[in-house]
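1. below are the sequence and a predicted model; questions follow.
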Amino acid sequence: MLTLKLTLTATDNECFTIVAKNYATENSKLPFFDDQGNSHLRAVINSLNALTNQYSDNNDKKWMIAEGLLSETDTNSFHGQMRENIGKKLYQALFTGNIEKALNKEFGKEEDLHIQIEYDFRVSANSKLSLYPWHLVHDGNEFLSKNRVTFSYRILDNTNYPRKKRQINKLKVLVISSQAFDDDQIQLQNQESLINDSLKKSQDQGRACLLSWYKPGEKPTFKRLRDYLTDHSKQADKLPDIIHFNGHGVFQDQSGFLLFEDEKGKPDHISAEDFKDLIDICNPKPQLVVITACQAALAHKNDSVFNGVAQKLLQIVPAVVATPFSISQDSTTDFINQFYRVLGNGQSSLLEAVKFASKAMKHKQYEWYRLVLFLRHDGDEDGYLFDFQETQLQPDIPQNKELEVSDIATLKDLLKRCRIITTNRIVRENFCQSIGIEIDDISSDSVASLGDNLFIDTLLGYLERTDNTSAFYQLCVKLEPHFKSSSTLANKLQVIKNKFM
């Protein structure tokens, strides 16, 4: 994967400079200002945060209609191209002049591209630069994030960070699944069992494990987590490589908070600073913190850029996956399922894990952009945080676990029988996205117009060629409901599915 690094530096509240490493420097202006110099960024973020088509705020409506964010005929509903219109404005601001030439040159190399947005806050300015969702850029044809591009964000400061990947025998994951919520929130599902299932194959192969840090029947309180990390502060085999917080987050009093449970299950608001200080106990510290909590990445410019939870954590860990937006529970589940399946194989980068997991977030339209990747320093720009020992990449499993020619033949037969793939391009695109791939990735030639049988052959050939076990598994899941009435076919499908678990 290639990397195009763009360093953004605010010069005032509306203007900023862009430096494309090894290419050029350009001056630009932030979008979403009106003629009087007033910023409407908050209205843009609220629009992107919505999980329905309804706009509930009465502010900024005239400006939003003019910008193509609200419908002209129904001013309480979003414009049908609202996100595309936002993305085009972002593209014009970010890829201006020679910066666009740098992008086109990298795109021309026909490899996946990692665009790293780096903020230089060593130069102080009254700007909301870091609040802009640059990963939504749209070039007029499509969102770049849907075309071989993965975005990450980096905070540049004066700290020198280590650049080595962590050598591990086993990926150790500590899950905090908090069901605490405030009055205006809903109770979330416990995701620990889902993460455990997603890592099952890696655990069976000795490459991963979930750490037990509280006893059954106890609440996953902040105090219990602090006691566990303190008791094992220098025991590498007991300390997590990944900490995953699944729960609610809020932003108030100019700071981010995570909602832990107290002993009675009530919300315990833990500040970004306190959570960072807790993780700072670990030696070694985690390489990655994943936060599937609403608004965990939201940060406002005041005394420090690190006032959001994700930004605080970047002071001590190399990478954070978090969100500035609301996410439906179903999409969170889809993300978690794919993310750990990909990352747990010991061979994929964090960039690849985020890419495949984001594509799986299709429960509600446009939820793919809601989780954001932060990478802290140059040594991790390729997204490989872990170096698994060679012996761990050769698991001792029976040979009959390998996919056989007969398995591919069975899958072809089942796909043709159930007729869930039709000649309709939209149906094919949705099907491919539901198993974690894009239709245009299958072949360099156009495959959308192929006959059903030839398309199925091409699809399975692509999955074989790329050894995409995650997509194979999701394909089996998609086929299951169609063959429940046939025990013979259902058993054949289950045998194949078990090879990817």
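-> On my side now, so go ahead.
2. can you tell me the strand partners of the helix or strand bottoming out on mean pLDDT in the chain and which way each runs?
-> When each helix and strand of the chain is scored by mean pLDDT, DSSP states H and E, strand 249-252 comes last, with a mean of 72. Note on strand 249-252: by DSSP bridges, its sheet partners are strand 255-261 (antiparallel).
3. after the partner strand, next one along is what?
-> strand 267-271 (DSSP states H and E).
4. that next one versus strand 255-261: what angle between them?
-> Here strand 267-271 points in a direction 140 degrees away from that of strand 255-261 (axes from the mean of the first three to the mean of the last three CA atoms, to 10 degrees).
5. for strand 267-271, enumerate the helices and strands it packs against.
-> In this structure, strand 267-271 packs against strand 255-261, with contacts taken as 3 or more CB pairs under 8 Å, 6 or more residues apart in numbering; DSSP states H and E. Placement of C-beta: from N, CA and C, glycine included.
6. and what about residue 151, helix, strand or coil?
-> The three-state assignment at residue 151 reads strand, by DSSP: H, G, I helix; E, B strand; the rest coil.
7. go ahead and confirm it touches residue 115.
-> Yes: assessed by CB atoms under 8 Å, residue 151 is found in contact with residue 115 at 5.2 Å.
8. between these two, which contacts overlap?
-> Counting by CB atoms under 8 Å, 6 or more residues apart in numbering, the residues touching both residue 151 and residue 115 are residue 144.
9. coming back round to it: can you dump the C-alpha coordinates of the least confident helix or strand of the chain into CSV?
-> In CSV, the C-alpha atoms belonging to strand 249-252 read as follows (Å, rounded to 0.1, in the frame of the first residue of the first chain):
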residue,chain,number,x,y,z
GLY,A,249,-19.1,8.4,25.0
VAL,A,250,-20.1,12.0,25.6
PHE,A,251,-18.5,15.4,25.0
GLN,A,252,-19.2,18.0,27.6
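10. without its sequence neighbours, what residue ends up closest to residue 103?
-> Nearest residue to residue 103, sequence neighbours excluded (CB to CB, 6 or more residues apart in numbering): residue 95, at 5.4 Å.
11. got a list of what that neighbour touches?
-> With CB under 8 Å, 6+ apart, residue 95 has these contacts: 103, 137, 139.
12. may I have the phi/psi pair for it?
-> Per-residue torsions, residue 95: phi -100, psi 70 (degrees, to the nearest 10).
13. ok, residue 439 next?
-> Dihedral angles (degrees, to the nearest 10) for residue 439: phi -60, psi -30.
14. residue contacts, it?
-> Counting by CB under 8 Å, 6+ apart, residue 439 touches 425, 428-429, 432-433, 447-448.
15. and those, which of them are in helices?
-> Secondary structure assignment by DSSP state H places 425, 428-429, 432-433 of those in helices.
16. ok, those vs residue 268, which is closest?
-> Closest approach between these and residue 268, by CB to CB: residue 433, at 38.0 Å.
17. my read is that the closest one contacts residue 359, right?
-> Yes: under the criterion of CB under 8 Å, residue 433 makes contact with residue 359 at 6.0 Å.
18. out of these two, which sits in the busier spot?
-> Legend: neighbour count by other CB atoms under 10 Å for residue 433 and residue 359, higher for residue 359 (22 against 17).
19. just give the nearest non-adjacent residue to the more buried one, would you?
-> Closest to residue 359 by CB to CB, 6+ apart is residue 436, at 5.4 Å.
20. from residue 106, how far off is that neighbour?
-> According to CB to CB, to the nearest Å, residue 436 and residue 106 sit 24 Å apart.
21. more neighbours: which of these two?
-> More neighbours surround residue 436 than the other of residue 436 and residue 106, with 25 against 18 (other CB under 10 Å).
22. just the element for that one, please.
-> According to DSSP H and E, residue 436 maps onto no helix or strand at all.
23. was I right about it contacting residue 356?
-> Yes: using CB under 8 Å, residue 436 makes contact with residue 356 at a distance of 5.0 Å.
24. what domains does the record give for the protein?
-> Domains of the chain are assigned by automatic domain parsing as 2-156, 166-393, 399-498.
25. overlap in contacts, residue 436 and residue 356.
-> 338, 470.
26. how close does residue 92 sit to residue 425?
-> The spacing between residue 92 and residue 425, counted by CB to CB, is 29 Å.
27. more crowded one of those two?
-> Ranked by neighbour count (other CB under 10 Å), residue 92 and residue 425 place residue 92 first, with 17 against 13.
28. remind me which residues of the stretch 351-500 of the chain are low pLDDT?
-> Under the criterion pLDDT under 70, the flagged ranges of the stretch 351-500 of the chain are 362-365, 377-382, 389-402, 444-446.
29. that older thread, and the two most separated of the ones in helices among the contacts of residue 439?
-> 425 and 433 (12.3 Å).
30. so which of the contacts of residue 95 are in helices?
-> Applying DSSP H to the contacts of residue 95, the entries found in helices are residue 103.
31. next, the contact list for the nearest residue to residue 236 once chain neighbours are set aside, please.
-> Closest residue to residue 236 apart from its sequence neighbours, by CB to CB, 6+ apart: residue 284 at 6.2 Å. Contacts here follow CB under 8 Å, 6+ apart; on that basis residue 284 touches 166, 236, 239.
32. repeat for residue 240
-> The contact partners of residue 240, taken as CB under 8 Å, 6+ apart, are 172-174, 211, 282, 286.
33. make it 7 Å
-> For residue 240, the contact set (CB atoms under 7 Å, 6 or more residues apart in numbering) comprises 172-174, 211, 286.
34. just residue 46 next, same as before
-> Neighbours of residue 46 in contact, by CB under 7 Å, 6+ apart: residue 57.
35. make sure I have this right: it is in a strand.
-> No: counting by three-state DSSP, residue 46 is not part of a strand but helix.
36. number the residues from 30 up from this point.
-> All right, first residue 30 from here; so that's residue 75.
37. for it, give me the pLDDT.
-> What the model reports for residue 75 is a pLDDT of 85.
38. how close does it sit to residue 69?
-> In this view, residue 75 and residue 69 are 10 Å apart by CB to CB.
39. residue 160 now?
-> Using CB to CB, residue 160 is found at 12 Å from residue 69.
40. ok, residue 58 - how many residues close by?
-> By other CB under 10 Å, 13 other residues sit near residue 58.
41. which residues of the stretch 180-329 of the chain fall in strands?
-> Under the criterion DSSP state E, counting those that start in this stretch, the stretch 180-329 of the chain contains strands at 195-197, 200-206, 237-239, 271-275, 278-281, 284-290, 296-300, 317-321.
42. which outside residues touch the first one?
-> It stands for strand 195-197. Strand 195-197 has contacts (CB under 7 Å, 6+ apart) with 270, 316, 414-418.
43. so which helix or strand takes in residue 54?
-> Per DSSP H and E: strand 53-58 holds residue 54.
44. most neighbours of all the contacts of strand 195-197, which one?
-> Counting neighbours by other CB under 10 Å, residue 414 leads the contacts of strand 195-197 with 23 neighbours.
45. so it sits right up against residue 316, yeah?
-> Yes: here residue 414 reaches residue 316: they are 4.4 Å apart, a contact under CB atoms under 7 Å.
46. shared neighbours of those two, anything?
-> 195, 347-348.
47. tell me where the stretch 380-529 of the chain has helices.
-> Counting by DSSP state H, counting those that start in this stretch, the stretch 380-529 of the chain has helices at residues 434-447, 454-463, 481-495, 498-508, 516-527.
48. and the gap between the residue nearest to residue 132 and residue 404?
-> To residue 404, residue 124 is 21 Å away according to CB to CB.
49. repeat that for residue 177.
-> As judged by CB to CB, residue 177 and residue 404 stand 18 Å apart.
50. before we move on, what about residue 206?
-> Residue 206 is 25 Å from residue 404, by CB to CB.
51. one more: residue 235?
-> Distance from residue 235 to residue 404, counting by CB to CB: 28 Å.
52. and what of residue 227?
-> Applying CB to CB, the value for residue 227 to residue 404 is 22 Å.
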